[in-house]
Each structure stands twice: as structure tokens, then as C-alpha cells.
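Enquirer: Got a predicted structure here, sequence first:
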Amino acid sequence: MAAIDGVFTDKAPKPLPQFSQAVKYNGLVYCSGNIGLDPITQNPVEGTVKDRARQALKNLSAVLEAAGSSLNRVIKVNIFLTSMADFAAVNEAYDEFITTQPKPCRTCVAVHQLPLMTDVEIECTAVVD
């Protein structure tokens, strides 16, 4: 049976004690949801939902790199928005970071509320190189 390994990098926000930034298992890395937190200040970045989506994707990129993967190896993405009015802006940020073909499978859903009163959270699963 393959081992389950935790992933941690100080280039992404520190996780709460209840979860890991990511776990690796059987050739895949499962990343916890990321909001647009600055990894140094641990505070949400100022600006628009697009700015926070960019930061969330930067955070995921750092976690994936620490796991031996990258955004180019992502196979599944889940996006949570507090307003579907932000769908287009988040897609613009997403398209800056997810550039390979085929595109990962993706789900985007509206939710009532997210941690720290943010407006976007992104999680993903990727293949480990």
C-alpha cells in the first residue's frame, strides 16, 4: 500500500491545524482549497476577485512545486465563488495560469460564504512527476 505524504511549503499560506496544504498518494497530489492569502502576511490580498484568484493560483503553484508537480500537471480543479457575477473575472485569472492542453476537468460553484469573508477559493488535484 502506498504511503500518504503531507506537503508543506512556506511559499504558500500556512494551513490551519485541521488540514495539510496538500497530500500525495499513489502518484497524485491533492491540494487543499486556497484563497487569495499573501503567504507572508497571511492576510487576503487587496483588490478585486481577479487579484485574489491570481494569488490563490500562485499559492497552489507553490504547493504543487513542493509536491513535485506543477500547474501544467493539474487534472481537476474546483472553484468556489460567493457570487457567480465573478465567474468571468476568475476565468481571466485562471486562463493566465492554466495554459496547457487538454485543460483540466473543472467545477465552479457558488457558495454562501468562504473563509475570512473572501470571494473565491480554488483547490486542485495533479499528477506528481
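Expert: Yep, that arrived. Everything numeric here is computed off the predicted structure, so don't read it as measured data.

Enquirer: Run through the residues that contact residue 63.
Expert: 7, 9, 12, 21-22, 29, 31, 34 (CB atoms under 8 Å, 6 or more residues apart in numbering). (Glycine included, C-beta is placed from N, CA and C.)

Enquirer: The helix or strand encompassing it - what's its average pLDDT?
Expert: Assigned by DSSP states H and E, residue 63 belongs to helix 49-66. Taken as a whole, helix 49-66 has a mean pLDDT of 98.

Enquirer: any idea of the angle the next helix or strand after that helix forms with helix 49-66?
Expert: On the C-terminal side of helix 49-66, the closest following helix or strand by DSSP H and E is strand 74-81. Calculated by axes from the mean of the first three to the mean of the last three CA atoms, to 10 degrees, strand 74-81 forms an angle of 150 degrees with helix 49-66.

Enquirer: mind listing what's buried in the helix holding residue 63?
Expert: Going by neighbour count (16 or more other CB atoms under 10 Å), the buried part of helix 49-66 is 49-64, 66.

Enquirer: correct me, but residue 64 touches residue 75?
Expert: No. When contacts are counted by CB atoms under 8 Å, residue 64 is not listed as touching residue 75 (11.6 Å).

Enquirer: for stretch 7-24, which positions count as buried?
Expert: 7, 9, 12-13, 15, 20-24.

Enquirer: so for stretch 29-37, what's the average pLDDT?
Expert: Stretch 29-37 comes out at a mean pLDDT of 98.

Enquirer: Can I get it as PDB, trimmed to CA atoms?
Expert: Extracted as PDB, the C-alpha positions of stretch 29-37 are listed here (Å, rounded to 0.1, in the frame of the first residue of the first chain):
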ATOM      1  CA  VAL A  29      -1.200  15.300  -5.200                       C
ATOM      2  CA  TYR A  30      -4.500  16.600  -3.700                       C
ATOM      3  CA  CYS A  31      -4.300  20.300  -2.800                       C
ATOM      4  CA  SER A  32      -6.500  21.900  -0.100                       C
ATOM      5  CA  GLY A  33      -8.500  24.900  -1.100                       C
ATOM      6  CA  ASN A  34      -6.600  28.200  -1.400                       C
ATOM      7  CA  ILE A  35      -8.000  31.600  -1.000                       C
ATOM      8  CA  GLY A  36      -6.100  34.700  -2.000                       C
ATOM      9  CA  LEU A  37      -3.900  35.000   1.100                       C
END
